[in-house]
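*Asks:* Mind folding the following:
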Amino acid sequence: MSVELTIIPPSELPDTAEKQVADDAELVRKNLHSIVKQGHSALEQIWEVADQSGMPEAYEALASMIKTMTAANRELMNLHKSKKALSATKGPSKVQNNLVVCSTTELQKMLDSIGEKK
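*Replies:* A predicted model of the protein is given here:
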């Protein structure tokens with residue numbers, strides 16, 4: 001029985017999952033920024049309506065908008081925390097220990113073939 005090992009350097013491993021996470025995080029960040037900017041404009045308009053009309057419903061809408069804006073800002077900050085946590089949990093880039101499962105005879109043959117190549 002022949003055992004062939006192929007060792008792929010970390011630089012050649014596909015980064016599709018990491019890239020997708022980074023792309024999605026950037027898209028969410030842009031969306032949240034847009035929501036915050038548009039919400040700020042809407043908040044100013046609701047404030048004017050509430051101030052001019054003095055109606056309780058307008059003040060309720062203002063309070064609701066303030067609550068929504070606070071939640072959007074909180075989500076933006078949570079996105080940064082999540083992105084930071086994901087990048088912090090990244091494993092080591094260099095593998096120092098390898099595990100080879102084979103018989104002692106196969107291991108000896110592999111070591112002999114490595115010795116012959118040198």
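
*Asks:* Please point out which parts of the helix or strand encompassing residue 51 sit buried.
*Replies:* Secondary structure assigned from DSSP states H and E places residue 51 in helix 16-53. Residues 25, 32, 35, 39, 46, 47, 49, 50 are the ones in helix 16-53 that count as buried (16 or more other CB atoms under 10 Å). Where C-beta positions appear, they are placed from N, C-alpha and C, glycine not excepted.

*Asks:* for the residues you listed, which one is nearest residue 61?
*Replies:* residue 46 (5.4 Å; CB to CB).

*Asks:* Roughly how far does the closest one sit from residue 74?
*Replies:* Separation of residue 46 from residue 74 (CB to CB, to the nearest Å): 20 Å.

*Asks:* Please apply the same query to residue 82.
*Replies:* As judged by CB to CB, residue 82 and residue 74 stand 12 Å apart.

*Asks:* the more surrounded of those two?
*Replies:* The residue with more neighbours, out of residue 82 and residue 74, is residue 82; 13 against 10, by other CB atoms under 10 Å.

*Asks:* Now do the same contact list for that one.
*Replies:* Contacts for residue 82 (CB atoms under 8 Å, 6 or more residues apart in numbering) come out as residue 25.

*Asks:* any low-confidence regions in the chain?
*Replies:* Within the chain, the ranges that satisfy pLDDT under 70 run 1-15, 87-96, 98, 118.

*Asks:* same thing but at 80, please
*Replies:* Where the chain drops to pLDDT under 80, the residues are 1-21, 85-101, 117-118.

*Asks:* how close does residue 67 sit to residue 60?
*Replies:* 11 Å.

*Asks:* How about residue 110?
*Replies:* Plainly put, residue 110 is 75 Å away from residue 60 if you go by CB to CB.

*Asks:* So those two - more neighbours on which side?
*Replies:* Taking other CB under 10 Å, residue 110 and residue 60 do not tie; residue 110 has more neighbours (16 against 11).

*Asks:* Can you classify the more buried one by secondary structure?
*Replies:* Three-state call for residue 110 (DSSP: H, G, I helix; E, B strand; the rest coil): helix.
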